[in-house]
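3D model of this:
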Amino acid sequence: MKDRARVLFAVRMVLCMGLVGCRTGAPPTLEIGSAAPPFSLSGVDGKVHTLGDYAGTPVLVVVFMCNHCPVAQMYEQRIQRLHSEYQSRGVTVLAINPDSPKTLTFEDLAYSDVPDTLQGMTARAAYRKLEYPYLYDGDSQAAAKAFKVVAVPQAFVFDARRTLRYVGRIDDSPRGEAVKSSELRAAIDAVLANEPVSTASTAVEGCPIKWLDAPRKAQADKDDGAAAPVGLNLVEAPQLRALRANGTPNLLMVNFWATWCAPCLIEFPELQNTYRMYRSRHLDFVTVSVDSPNARSAVMKVLQEQRASSRNHLFASDDTASLQDAFDPAMPAAVPFTLLIAPNGDVVHQQVGEADVSSLRRAILANLPDDRAYPGSRAYWSGQ
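I've put the predicted structure just below:
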């Protein structure tokens, strides 16, 4: 929860550009009238993009975004609409991700299906059908530093001479239905019309960048995982029936697996990582080994190797079929088998065979309740 508090601290951050009345201590950003900083960055299209590639366009819009920030996520489709609506008028809209997996903890990813890597960006762009260039700056954060980015999302509008004419938010609300003013659109229209931008700078609402040269917390996160206690309990029919009913306030992920099952062992690390990502948002995770009870030491060895801080069970008898029936008569006999159970006992997602981790994480995000910090996140993931 501490990392989330730091995110909230950045919300409504005031931009300091040497203006009278600027709040003391606010981070500076690129000043109006500045030249566009050069960049050379890899994109989700597999190409390297430079500032010079867009020299012929009358307006260049650069939006700093990322995968993990829930505020940034709510702007993905709005940026896509800007790209679609303005490209015929010669406006280039591109996004740059300055965050790095080296600085992000599991809790930082509590609202995301993918990490802030180029591969994760490519997956997000494909899933959300994002057509604008999406570039990765996380290896050095050189572009973010040159633009003096405060938080994501943050937009910069440059005219044909690549002079900065607008910097700040995209509009006045992360929730699309609540938007009353779109300063970014107004700035683009003004530059296209060769008119002054009436509002040249605004505050930014979003998530702070985790800088590479700041104190690292990602390693501490991994160290905490390594130190987590690992347990294993034998379970019989009554416990399995109770597990299937859930009956807790939390979303429950259950994975049936075995030490002799190769796909089970392949998916196991990512299932544990998935739990670490969302456990702060009331996700429970239970693993159930269908191995024989006399294989307990082998099961425990796998769990310890994987730092399985989930609740871990082992069938208490060799009568695998009856124990599976006790959990759910409709349960497939094959493993691995992974499912999500809502607090009321409804199965909201299930997969037989090696887990499609991306779709599993999206199903989790679509079924976790909203919190006060980010209303609308559940709707974003459920496609509402």
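
tally of neighbours for S140?
One way to gauge burial is a neighbour count; for S140, by other Cβ atoms under 10 Å, it gives 12. Using the backbone N, CA and C atoms, a C-beta is placed for each residue, glycine as well.

show me what contacts it?
Under the criterion of Cβ atoms under 8 Å, 6 or more residues apart in numbering, the neighbours of S140 are L212.

where does it fall, secondary structure wise?
When secondary structure is defined using DSSP states H and E, no element contains S140, which sits outside every helix and strand.

what about it, distance to V44?
Between S140 and V44 the distance, using Cβ to Cβ, to the nearest Å, works out to 18 Å.

A262 too?
Taking Cβ to Cβ as the measure, A262 and V44 are separated by 32 Å.

can you give me the neighbour number for the residue nearest to V71 when sequence neighbours are not counted?
Excluding its sequence neighbours, the residue lying closest to V71 (Cβ to Cβ, 6 or more residues apart in numbering) is G206, at 4.4 Å. Here the number of neighbours of G206 (other Cβ under 10 Å) works out to 27.

next one: phi and psi at G206?
As for G206, its main-chain torsions (degrees, to the nearest 10) stand at phi 170, psi -150.

test my guess that it contacts P70.
No - taking Cβ atoms under 8 Å as the definition, G206 is not a contact partner of P70, at 9.3 Å.

hang on, the earlier thing: can you give me the distance of the residue nearest to V71 to R161?
The separation that G206 has from R161, given Cβ to Cβ, amounts to 28 Å.

what's the answer for A72, then?
Distance, A72 to R161, by Cβ to Cβ: 29 Å.

and the two? which has more neighbours close in?
With other Cβ under 10 Å as the criterion, A72 and R161 differ in neighbour count, and A72 comes out ahead with 27 against 9.

domains of this structure?
Structural domains annotated on the chain: 2-208, 228-382, as defined by automatic domain parsing.

pull the number of nearby residues for V288.
V288 is flanked by 25 other residues according to other Cβ under 10 Å.

pretty sure it sits in a strand.
Yes - secondary structure assignment (DSSP: H, G, I helix; E, B strand; the rest coil) places V288 inside a strand.

in the stretch 201-350 of the chain, which spans are helices?
For the stretch 201-350 of the chain, applying DSSP state H, counting those that start in this stretch gives helices covering 218-227, 237-245, 262-278, 296-305, 320-327.

after the helix or strand bottoming out on mean pLDDT in the chain, which helix or strand is next?
For the chain, counting by mean pLDDT, DSSP states H and E, helix 2-10 ranks last in confidence among helices and strands (a mean of 40). Elements were assigned by DSSP H and E; along the chain past helix 2-10, the next helix or strand is strand 40-43.

now do the buried residues in that next one.
L41, G43 (16 or more other Cβ atoms under 10 Å).

after it, next one along is what?
Following the chain from strand 40-43 toward its C-terminal end, the next helix or strand by DSSP H and E is strand 48-50.

same for the following helix or strand past that next one, what does it pack against?
Stepping forward along the backbone from strand 48-50, the first helix or strand reached (DSSP H and E) is strand 59-64. Contact partners of strand 59-64 among helices and strands, from 3 or more Cβ pairs under 8 Å, 6 or more residues apart in numbering; DSSP states H and E: helix 76-86, strand 91-97, helix 142-147, strand 154-158, helix 183-192.

contact partners of the first one?
In other words, helix 76-86. The set of residues that contact helix 76-86 without belonging to it, under Cβ under 8 Å, 6+ apart, is 59, 61, 63, 65, 91, 93, 95, 124, 128-132, 153, 170-171, 176, 184-185, 188.

so how far is A160 from the nearest residue to V59 once chain neighbours are set aside?
Setting aside the residues directly before and after it, V59 is nearest to V91 in space (Cβ to Cβ, 6+ apart), at 4.4 Å. Using Cβ to Cβ, we find V91 at a distance of 11 Å from A160.
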